[in-house]
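> Please work out how this folds:
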Amino acid sequence: MTTRKNLEVQRADHTTIRYTASGPTGGPTLALIHGWGCDRSDFDAVTDHLPAHYRVLAIDLAEHGESRSTRDVWTIEEFAHDVAAVLEVESVTKAIVAGHSLGGAVAVEVGRLLPTTVSHVVALDALHYGLFPAMGGDRADATIRLFHDDFPAAVRGLVEGGSPAGTDPALKEVYFTKMAGVRQPAGVRAIEALIRWDMDAALRRTKQRITVFAIRDLVAQQAIDRYSDRFEFVLVDLGTHHFHVESPEGTAKLLAGVATG
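Residues are numbered from 1 along each chain as shown. Next up is the predicted model:
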């Protein structure tokens, strides 16, 4: 099993970002960002299957997992600063940044924020859902209202939308329970940030190569048609939206392939 160190970095607004570091300092660096309502432990098994010479940094975004913050700004860009703070304290000069779901959006913004440090952005079943272009005001407001009016039902909808036909109901319940327990009010503010994030605008300011590993049964042809000239889409059959949890060895192979490609 991989040896991990649990570390932290302090930011402004009483923000403590906790992360796990494994592998040798100076090795090829891979930064891993979890999805909304999740945490860095989702990547523990993935890390165990990555080559031992990789430096792997698995990061809890603010108010997720063990990270804590009293800040007032909850945007995808601000989450990117959480990741950037870890890369800075680790003295990383070159890294691949991979993110699941909301973490994929954060990875794009990290690439924009650190154009000379981030060599490649990887999205784990991210960037291909209904985020393009930015949601109009009425549509965004209606979607956000669902999370305010009936938070458990809204989370249940997320889980169902990320579960291919035939997914074990018990597995869906595991994800629902975890995500519904996200710390508040940051949890709602974070999902608002994702809904209002203008992906097209972010992509115009992000120059790195972007690889999207998407669950075949969940990706829309509309997304492929719209972004095939910007993303390298790789369709996979490794489980649900949370495939990195269900298929850690397969996910590690995908990430290692990007790192050596």
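> where are the low-confidence patches of the stretch 1-150 of the chain?
For the stretch 1-150 of the chain, applying pLDDT under 70 flags the ranges 1, 130-136.
> what ranges do the helices span in it?
44-49, 76-89, 102-113, 137-149 (DSSP state H, counting those that start in this stretch).
> wait, which of those is closest to Cys38?
Evaluated over those, closeness to Cys38 peaks at helix 102-113, with 8.2 Å, by C-beta to C-beta. The C-beta positions use only the backbone N, C-alpha and C, and glycine is treated the same way.
> OK, contacts around Thr75?
For Thr75, the contact set (C-beta atoms under 8 Å, 6 or more residues apart in numbering) comprises 193, 197.
> Can you give me the distance of it to Leu61?
12 Å (C-beta to C-beta, to the nearest Å).
> my guess is Gln208 meets His120, correct?
Yes: if you go by C-beta atoms under 8 Å, Gln208 and His120 touch, sitting 5.9 Å apart.
> which one is the residue most central in space within the chain nearest to, not counting chain neighbours?
Centroid-nearest residue in the chain: Gly103, 1.7 Å away (criterion: C-alpha atoms, centre = their mean). Counting by C-beta to C-beta, 6 or more residues apart in numbering, Gly103 lies nearest to Ile33, which is 3.4 Å off, once chain neighbours are set aside.
> got the contact list for the one you found?
59, 61, 83, 97-100, 103-104, 106-107, 110 are the contacts of Ile33 under C-beta under 8 Å, 6+ apart.
> Show me where the stretch 51-200 of the chain has its strands.
55-59, 95-100, 118-124 (DSSP state E, counting those that start in this stretch).
> Just the angle for the longest one relative to strand 95-100, thanks.
So the one you mean is strand 118-124. 20 degrees (axes from the mean of the first three to the mean of the last three C-alpha atoms, to 10 degrees).
> how many neighbours does Val219 have?
17 (other C-beta atoms under 10 Å).
> does it sit in a helix, a strand or a coil?
Three-state call for Val219 (DSSP: H, G, I helix; E, B strand; the rest coil): coil.
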